[in-house]
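In: Sequence plus the predicted model coming up.
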Amino acid sequence: MDILTQLQAAIGPANVLTGDDTAKWQSDWMGVYALDPLAVVRPANTAQVSAVMEIAHASGTPVTPVSGNTGIVGGTQAKGAIMLSLDRMNAIRDIRPDARIAVVEAGVILSSLHEATAAHDLIFPLTFGARGSAMIGGVLSTNAGGSNVLRYGNTRDLCLGIEVVLADGRVMDLMSELHKDNSGYNLRHLMIGAEGTLGVITAAVMKLRPKPRAYATAMLTVPSIDDALTLLNTMQDITGGAVEAFEYMPRTYIQGHMDRIAGAREPFDAPHDVNILIEVAATAPRDATPADDGRIPVVALLEDTLGAMLENGTLLDAVIAQNDSQRSEMWARREAAAEISHGVKPFVDTDIALPLDKIATFFDLITPRISALDPDATQLSVAHLGDGNIHFSMYPRSTDPALHDALMEAVEDVVQSLRGSFSAEHGIGTSKLTSMARRKDAVALDAMRAIKAALDPNGILNPGKVLPRR
């Protein structure tokens, strides 16, 4: 039998899509990468994923796993490959409030998990703009970050166990519910962030956290990035580490928001260079129960702290959300980042991480480097400032690929000089292969290639991603 016939026999003809039926999977969400799979297969369970991988392994046919397809680095390009969609494997198998875990399949949409856990007064704290379409398998495969990493960590930090189908179809059961397990190599961590190059994640045990009883959310502005970090440390100290988000939006971002988003408005009466969204969350009743004067303690704490900073001049202005509508408006400004930063072409997009005390230095160093390469180029940034992750976009006046690569290399140079990383939370995919070749430690690359060869000797799992050619 040819491979399509084998796949149809294994998971049913209706779940092996070809031709026009694959239209939904022909492009990434930005429309940048043509995916062009041989077929899209939609298994219903782990056994069917295993059967697909056995067929692919025997025939040497490449397989590209796909979840919500919300990535921006070309990680699901699948020309001539079997695209393995996990979208039918979307069951929330169990939510155990006492253990604070959720057992989920890889196709569970992030927002669906949010809704399911809310019914138990719990949260799954990973969140970002694409939560309405991103799936658990994808966020694990990319070790996604988002706005709350400052308090809760990346996806890797929120996962206790996974189930993985290997390249030859064998199922590796790592569905641990344990917080401590020192029984050999941590294969769970190896699979998380591997972008489907080492195995297909089919299920996971995810950590849940208490649902905050109250939020204190504000837009504030300070003279400099260093002043913002001082303020962050102050707020972490007085709240006992309860700052959930600390998002940086420079003036160029605010202007982009005003220019491209209907109904957008300034966060303050006057424009400022350093604009910060801060959110503190309270889970303890003592911090969320209104006092006799009607003030919610966590909000009062933020108000009083910012008020004192306004008086001594370390804070220039602040607007504190007084209701859910105002809080939502503040978050909508930040979550419009993809539309704002990708709305102008051509652009060169980066996703970098830096030590917190080197962020201001990065901007000081990179601006003259960009001007030297392209005096007419502009730039725009938005950052998860609390964890050092900057989304830095450059807009050259030319579509010349050589110029774009030179701009990217300039960013890499500065980032490396500051002991940062050229990839923070979006993954490598195909778009960062050149950066991997230039910047990743050569010994580390050799080790990664050895692991890939051991687990996927035929090289069929998401080929051409993560690892640059020798």
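Out: Cool, the structure landed.
In: Give the residue spans of this structure that score low on pLDDT.
Out: Low-confidence segments of the chain, defined by pLDDT under 70: 1.
In: how does it look with 80?
Out: 1, 29-33, 343 (pLDDT under 80).
In: quick check: domain ranges of it?
Out: For the chain, automatic domain parsing gives the domain ranges 3-85, 92-210, 214-337, 344-447.
In: Out of those, which is closest to Pro457?
Out: Nearest of these to Pro457, taken as CB to CB: domain 92-210 at 7.6 Å. Placement of C-beta: from N, CA and C, glycine included.
In: Can you give me the end-to-end span of that closest one?
Out: 19 Å (CA to CA, to the nearest Å).
In: Next: stretch 175-189.
Out: 12 Å.
In: what do you get for stretch 269-277?
Out: 16 Å.
In: Buried residues in it, which are they?
Out: His272, Val274, Asn275, Ile276, Leu277 (16 or more other CB atoms under 10 Å).
In: Between the residues you listed, which sits nearest Val415?
Out: Val274 (20.8 Å).
In: Show me the beta-bridge partners of the closest one.
Out: Judged by DSSP bridges, the bridge partners of Val274 are Pro250.
In: shouldn't it be in contact with Leu220?
Out: No - in this structure, Val274 is not within contact of Leu220 by CB atoms under 8 Å, at 9.1 Å.
In: The stretch 1-150 of the chain: helices as residue ranges?
Out: 3-11, 46-59, 110-118, 136-142, 149-152 (DSSP state H, counting those that start in this stretch).
In: Which of the ones you listed sits closest to Met436?
Out: Across these, closest to Met436 is helix 136-142 (CB to CB), at 14.8 Å.
In: Setting the sequence-adjacent residues aside, check what's closest to the residue positioned nearest the centre of the chain.
Out: Central residue of the chain (CA atoms, centre = their mean): Ala144, 3.3 Å from the mean position. Sequence neighbours aside, Thr155 is the residue nearest to Ala144 in space, at 5.0 Å (criterion: CB to CB, 6 or more residues apart in numbering).
In: Phi and psi next, for that neighbour.
Out: phi -60, psi -40 (degrees, to the nearest 10).
In: okay, now His257: neighbour count?
Out: Other residues lying near His257 total 23 when counted by other CB atoms under 10 Å.
In: again, but for the one 4 residues further on
Out: For Ile261, the tally of surrounding residues (other CB under 10 Å) stands at 15.
In: ok, the residue lying closest to it once chain neighbours are set aside - contacts?
Out: Nearest residue to Ile261, sequence neighbours excluded (CB to CB, 6+ apart): Ala336, at 5.3 Å. Counting by CB atoms under 8 Å, 6 or more residues apart in numbering, Ala336 makes contact with Gly129, His257, Arg260, Ile261, Ala264.
In: go on, Gly80?
Out: With CB under 8 Å, 6+ apart, Gly80 has these contacts: Asp36, Pro37, Leu38, Pro62.
In: now stretch 81-98, how far from the centre of its chain.
Out: 19 Å (CA atoms, centre = their mean, to the nearest Å).
In: Oh, that last question was meant for stretch 458-470, not what I typed.
Out: With CA atoms, centre = their mean, you get 22 Å for stretch 458-470.
In: export it as CSV, just CAs?
Out: Extracted in CSV, the C-alpha atoms of stretch 458-470 (Å, rounded to 0.1, in the frame of the first residue of the first chain):
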residue,chain,number,x,y,z
ASN,A,458,15.9,8.5,10.3
GLY,A,459,15.5,12.3,10.9
ILE,A,460,11.8,12.3,10.2
LEU,A,461,10.6,14.4,13.1
ASN,A,462,10.1,18.0,12.1
PRO,A,463,13.2,18.0,9.9
GLY,A,464,14.9,21.3,9.2
LYS,A,465,13.9,22.9,12.5
VAL,A,466,15.9,23.9,15.5
LEU,A,467,19.3,22.4,14.4
PRO,A,468,21.2,24.2,11.7
ARG,A,469,23.0,22.2,9.0
ARG,A,470,26.6,21.4,9.8
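In: quick revisit: do you know how far the residue nearest to Ile261 is from His257?
Out: 6 Å (CB to CB, to the nearest Å).
In: Asn148 now?
Out: Using CB to CB, Asn148 is found at 21 Å from His257.
In: what about Val171, how many residues close to it?
Out: Using other CB under 10 Å, Val171 has 16 neighbouring residues.
In: Let me fix that, I meant to ask about Lys452.
Out: Other residues lying near Lys452 total 19 when counted by other CB under 10 Å.
In: Could you do Val63 as well?
Out: Here the number of neighbours of Val63 (other CB under 10 Å) works out to 27.
In: OK, contacts around it?
Out: Val52, Met53, Ala56, Ala81, Ile82, Met83, Leu84, Val200, Ile460, Leu461, Asn462.
In: if you set the cut-off to 6 Å instead, what comes out?
Out: Ala56, Ile82, Leu84, Ile460, Leu461 (CB atoms under 6 Å, 6 or more residues apart in numbering).
In: quick one: the third one from Lys180, how far?
Out: Between Leu84 and Lys180 the distance, using CB to CB, works out to 33 Å.
In: Look at those two and report which has more neighbours.
Out: The neighbour comparison of Leu84 against Lys180 (other CB under 10 Å) goes to Leu84, with 28 against 5.
In: Hmm, Thr61 and that one touching each other?
Out: No - in this structure, Leu84 is not within contact of Thr61 by CB atoms under 6 Å, at 11.0 Å.
In: Can I get stretch 408-426 as CSV, trimmed to CA atoms?
Out: Extracted in CSV, the C-alpha atoms of stretch 408-426 (Å, rounded to 0.1, in the frame of the first residue of the first chain):
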residue,chain,number,x,y,z
MET,A,408,19.9,40.6,12.8
GLU,A,409,23.6,39.9,13.3
ALA,A,410,24.0,43.4,14.9
VAL,A,411,21.3,42.5,17.4
GLU,A,412,23.0,39.1,18.0
ASP,A,413,26.4,40.8,18.5
VAL,A,414,25.0,43.2,21.2
VAL,A,415,23.0,40.5,22.9
GLN,A,416,26.0,38.1,23.0
SER,A,417,28.3,40.8,24.4
LEU,A,418,25.8,41.2,27.3
ARG,A,419,25.5,37.5,27.9
GLY,A,420,22.0,37.3,26.6
SER,A,421,20.1,35.0,24.3
PHE,A,422,18.9,35.5,20.7
SER,A,423,15.8,33.4,21.5
ALA,A,424,13.7,33.9,24.6
GLU,A,425,10.2,32.4,24.1
HIS,A,426,9.2,32.0,20.5
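In: Cheers, nothing more for now.
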